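Colleague: Build the 3D model from these lines:
(2 chains)
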Amino acid sequence: MSGSTYYVPEQSKWPILASVALGLLAYGAAMTITSMTADRDSAGPWILGGGFLVLFYVIFGWFKDQIREEAEGLHSDQLDRSYRQGMLWFIFSEVMFFAAFFGALFYVRTFSVPWIGGEGAKGVTNMLWDGFAATWPLLQTPDMKQFPGASAVIDPWHLPLVNTVLLITSSVTVTFAHHALKEQKRRALEAWLAATIVLAVVFLYFQAVEYHEAYTELGLTLHSGIYGATFFMLTGFHGFHVMLGTTMLFVMLLRCFDGAFSPEKHFAFEAVSWYWHFVDVVWVGLFIFVYIL
Amino acid sequence: MATVDVDLPHVKDEDPHHHGPAKGIGRWLYTTNHKDIGSMYLIFSLSMFMIGGIMALIIRAELFQPGLQLVEPNFFNQMTTMHGLIMVFGAVMPAFVGLANWMIPMQIGAPDMALPRMNNWSFWILPFAFLILLSSLFMPGGAPNFGWTFYAPLSTTYAPESVTFFIFGVHIMGASSIMGAINIIATILNMRAPGMTLMKMPLFVWTWLITAFLLIAVMPVLAGVVTMMLMDIHFGTSFFNAAGGGDPVLFQHVFWFFGHPEVYIMILPAFGIISEIIPTFARKRLFGYSSMVYAVASIALLSFVVWAHHMFTVGMPLVGEVFFMFATMLIAVPTGVKVFNWVATMFRGSMTFETPMLFALAFVVLFTLGGFSGLMLAIAPADFQYHDTYFVVAHFHYVLVPGAIFSIMAATYYWLPKWTGHQLNETMGKLHFWLSFVGVNITFFPMHFVGLAGMPRRIPDYALQFADFNSMASVGAFIFGFSQLVFIYNVIQNVRAGEKASAQVWEGAQGLEWTIPSPAPYHTFSTPPKVD
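Modeller: Sure thing, here's the model as predicted:
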């Protein structure tokens, strides 16, 4: 490394446009949601839509620049290491985001629900809802008028089990794709990557089926007390991440068709596969702590 | 820090990658240069400091005498809330990130930050985030009025409409912090010059490495808690509503799991700055370099297991109270190590008292004072008396104003000649210091007394017996506030003109940044310097 010159990327218009996009998205989303709840019209959806347009423009343009610069050989090994470290820390931040919701789940199960039910150190809270008994899953909420509990919860041993198998398999297939890439087996790479995407899409379809069943048959909604709240927020954010991951995998597949990635240099592919493994691990946590226990 | 002998290669701008700054506004909008971005962070922070400061003066003006004089109680609440949010997220944090941007690449021998375009993005999110936050002042129902800690259900069931804008503002501001922190970690771990081993790094770099880790660990938790609020307000969930099995106290747990590491995010870089300045003006090596590193790491780790000391009175099992009390007190040990080391560095040193050193010394004394009141608050049974009084306000302002803010000022005066190439105007610097020092103590010291006597915080009116101390505090606040105009004058004056500064600037200064010319060239190192 010593003696080699440093590489500093050129000025770029993408970061400032990305900031404009985030500003529009934040303001537009806040305006849209506020006016939705207040039941009135606003310019929110337009601002939000504008934010998305700018965001997509930035995503396409910024990645295009990156790919071009890499093709020109501008990316040094040092920059490659920075990208790797950056991606790993980004995934760590995602882990902590999920940790907040897992923490909320553990807290209500261990402390607040038993306390409202009259057990434990702060059991005196039970006087607020006399006769409320703590159970988990919480089907009978303290105030059934305000938060009507579900009639039942999702059975973990049907769709969720299938989904677990699907996601774990997809983690394996993406690793096979990675090995194929390193061994220059391009057809195998494309096949395994495509298989991963198929598994991901089937997973998302089953999640949609499950949500539909929860809303229409079980009465399990965001509104049905803390069980529904934690269930939908955890599985929902996970599903959203799976969607993002699937999109990323799909882009990788298109780039593979395009002849991108060499056995030595394929950071984008690796970053996506790390992200995919992360999504998989979160699901295992969900399956155990949300569905089974 | 070990002595750093540097073999500096030619600093020339022949390389096609290394051109001067671009012309016009494009330089600032599109820049990938750590110095430009650092300057923008610092200017942004200074403007937020002024806006948050005006809000503080509105608060102090109202509290100058008992009764309701100047503002409506609801507007008073908006002022306390916005003052806190702006100072924490808009003034202190961006100032430290700005200093990190300027100094870390220079201190470790890197050409720039590891991910320069993301660096630009991290900065430019902030003006948008704070535009959204400040625009809430003009919305129907007014700005957020539930305190900077935004406890549910005040911030959910009883919140003004603008809370949703606050939530999304926090979201993008958090994205900015996370990206900034990732960039700093990648820079430190990946961009050090050959020979710059971890245990040779300047302490400012060390403290920022650990701070960046804290940021990545807890900013997502903040994002999580505001998301739960959003869902409770608009989408019918019951995270913070016991009627659905949730718990308002859950909010406080999640918030403070973010919040306590957050307060260390605002002080650890300050420790780094002080550990740079004191050796320079004591003309001695820092005493106990490695113990300083371990102390900062211990403080950071402990910060994850003490959050509930903010919640002693809200309802926790006894074992929780006891655990969080002792864990909190444990933090005094590594903090004591640091204070001891600073004092030991000065012991029998050849001390001089230039402006940065004055701020650093005031930091050591007044931060320690704030630490002691923190220890008092850590004692759970005593906290039942102190909780939510002005004693708490006095405590955290002592660690944040003569703590974090003084360290930022010390750092500015210390490194300004390196940035601008001009020697400081010591007379004006000292004027700024003494006005600030006197102002800060007149403002916040009396708050200890009224707090111990039971004056509650965040209330626009108070009982008559607190009148004298409150009018004193208000006078002090105006002295402190207006003396910052001297600071702005000093900085502008120094940027425009001044005696030419040498590369060394300060006689006793050690480290890579003092080996390069003042002002530092636009691109500091084009090839890695060698550190022995």
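
Colleague: rest of the way, CA atoms for contacts and neighbours
Modeller: Will do.

Colleague: which residues in the stretch 1-150 of chain A form helices?
Modeller: Counting by DSSP state H, counting those that start in this stretch, the stretch 1-150 of chain A has helices at residues A:14-38, A:44-71, A:77-107, A:113-116.

Colleague: for those, which one ends up most surrounded?
Modeller: helix A:113-116 (a mean of 25; mean count of other Cα atoms under 10 Å in any protein chain shown).

Colleague: Can I get that helix as CSV, trimmed to CA atoms?
Modeller: What follows is helix A:113-116, C-alpha atoms only, in CSV (Å, rounded to 0.1, in the frame of the first residue of the first chain):
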residue,chain,number,x,y,z
VAL,A,113,-48.6,-7.8,30.0
PRO,A,114,-48.0,-9.8,33.2
TRP,A,115,-48.1,-6.5,35.3
ILE,A,116,-51.5,-5.5,33.8
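
Colleague: what does that helix rub up against?
Modeller: A:120-126, A:128-129, A:132-135, A:142, B:242, B:245-246 (Cα atoms under 8 Å, 6 or more residues apart in numbering or on different chains).

Colleague: just to revisit the earlier point, any idea which of the helices of the stretch 1-150 of chain A gets closest to B:Pro529?
Modeller: Closest of these to B:Pro529 is helix A:77-107, at 15.7 Å (criterion: Cα to Cα).

Colleague: and the helix ranked longest in chain B, how far from the chain's centre?
Modeller: Looking across chain B with DSSP state H, the single longest helix is helix B:203-234. Relative to the chain's own centre, helix B:203-234 is displaced by 14 Å; criterion: Cα atoms, centre = their mean, to the nearest Å.

Colleague: Okay, angle between the helix or strand following that helix and helix A:77-107 too, please.
Modeller: Downstream of helix B:203-234, the first helix or strand assigned by DSSP states H and E is helix B:248-265. Helix B:248-265 and helix A:77-107 are oriented at 150 degrees to each other (axes from the mean of the first three to the mean of the last three Cα atoms, to 10 degrees).

Colleague: Buried ones in stretch B:493-513, by neighbour count?
Modeller: Buried residues in stretch B:493-513, defined by neighbour count with 16 or more other Cα atoms under 10 Å in any protein chain shown: B:494-495, B:501-506, B:508-513.

Colleague: Just the C-alpha atoms of it, please, in PDB.
Modeller: Extracted C-alpha coordinates of stretch B:493-513, given in PDB (Å, rounded to 0.1, in the frame of the first residue of the first chain):
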ATOM      1  CA  GLN B 493     -11.800  37.700  11.600                       C
ATOM      2  CA  ASN B 494      -9.500  34.700  11.600                       C
ATOM      3  CA  VAL B 495     -10.700  33.400   8.300                       C
ATOM      4  CA  ARG B 496     -10.300  36.800   6.700                       C
ATOM      5  CA  ALA B 497      -6.900  37.900   8.100                       C
ATOM      6  CA  GLY B 498      -4.300  37.500  10.700                       C
ATOM      7  CA  GLU B 499      -0.700  36.900  11.300                       C
ATOM      8  CA  LYS B 500       0.700  34.000   9.200                       C
ATOM      9  CA  ALA B 501       0.700  30.800  11.100                       C
ATOM     10  CA  SER B 502       3.500  28.300  10.900                       C
ATOM     11  CA  ALA B 503       3.000  24.600  10.200                       C
ATOM     12  CA  GLN B 504       3.700  23.900  13.900                       C
ATOM     13  CA  VAL B 505       1.300  26.600  15.200                       C
ATOM     14  CA  TRP B 506       1.600  25.600  18.800                       C
ATOM     15  CA  GLU B 507       5.000  25.000  20.300                       C
ATOM     16  CA  GLY B 508       4.200  21.800  22.100                       C
ATOM     17  CA  ALA B 509       1.800  20.300  19.500                       C
ATOM     18  CA  GLN B 510       2.500  16.700  18.400                       C
ATOM     19  CA  GLY B 511       0.900  14.700  15.600                       C
ATOM     20  CA  LEU B 512       0.600  14.500  11.800                       C
ATOM     21  CA  GLU B 513      -1.600  17.500  11.300                       C
END
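
Colleague: And for it, what's in contact with it?
Modeller: Contacts of stretch B:493-513 (Cα under 8 Å, 6+ apart): B:3-4, B:6, B:103, B:106-109, B:202, B:279-284, B:416-418, B:420-425, B:514-519.

Colleague: SS state for B:Val315?
Modeller: Just to correct that, residue B:315 is Gly rather than Val. Under DSSP: H, G, I helix; E, B strand; the rest coil, B:Gly315 falls in the coil class.

Colleague: If burial is judged by neighbour count, which of the contacts of helix A:113-116 pass?
Modeller: Neighbour counting by 16+ other Cα under 10 Å classes A:Lys122, A:Gly123, A:Thr125, A:Asn126, A:Trp129, A:Phe132, A:Ala133, A:Ala134, A:Pro142, B:Ala242, B:Gly245, B:Gly246 among the contacts of helix A:113-116 as buried.

Colleague: which of those residues sit farthest apart?
Modeller: Farthest pair in these (Cα to Cα) is A:Lys122 and A:Pro142. Separation: 15.7 Å.

Colleague: ok and the residue in chain B nearest chain A?
Modeller: Using Cα to the nearest Cα, B:Gly244 is the residue of chain B that sits closest to chain A, at 4.1 Å.

Colleague: nearest residue to that residue other than its sequence neighbours?
Modeller: Spatial nearest neighbour of B:Gly244, excluding adjacent residues (Cα to Cα, 6 or more residues apart in numbering or on different chains): A:Gly225 at 4.1 Å.

Colleague: surely the one you found meets A:Pro137?
Modeller: No - counting by Cα atoms under 8 Å, A:Pro137 is not a contact partner of A:Gly225; they are 10.3 Å apart.

Colleague: Check the burial of the residue nearest to B:Phe235 when sequence neighbours are not counted by counting its neighbours.
Modeller: Among residues not flanking B:Phe235 along the chain, A:Leu222 sits closest, at 7.1 Å (Cα to Cα, 6+ apart). Applying other Cα atoms under 10 Å in any protein chain shown, we find 22 residues neighbouring A:Leu222.

Colleague: Got phi/psi on A:Leu222?
Modeller: phi -60, psi -30 (degrees, to the nearest 10).

Colleague: Enumerate every residue touching it.
Modeller: A:Gly228, A:Ala229, A:Phe232, B:Phe235, B:Gly236, B:Thr237.

Colleague: Of the contacts of stretch B:493-513, which qualify as buried by neighbour count?
Modeller: With burial judged by 16+ other Cα under 10 Å, the buried subset of these is B:4, B:103, B:106-109, B:202, B:279-284, B:416-418, B:420-425, B:514-519.

Colleague: Among those, which lie within helices?
Modeller: Judged by DSSP H, those include B:Met103, B:Met106, B:Gln107, B:Ile108, B:Pro279, B:Thr280, B:Phe281, B:Ala282, B:Leu416, B:Pro417, B:Lys418, B:Thr420 as members of helices.

Colleague: Stretch A:204-219 and chain B in contact?
Modeller: No - judged by Cα under 8 Å from any Cα of the partner chain, stretch A:204-219 stays clear of chain B, getting no closer than 13.9 Å.

Colleague: what about the nearest residue to A:Ala100 once chain neighbours are set aside, how many neighbours?
Modeller: Excluding the flanking residues, the one nearest A:Ala100 by Cα to Cα, 6+ apart is B:Val221, at 5.3 Å. By the measure other Cα under 10 Å, the count of residues near B:Val221 is 29.

Colleague: Next: A:Glu10.
Modeller: A:Glu10 is flanked by 15 other residues according to other Cα under 10 Å.

Colleague: Since that was my last question, I'll sign off now.
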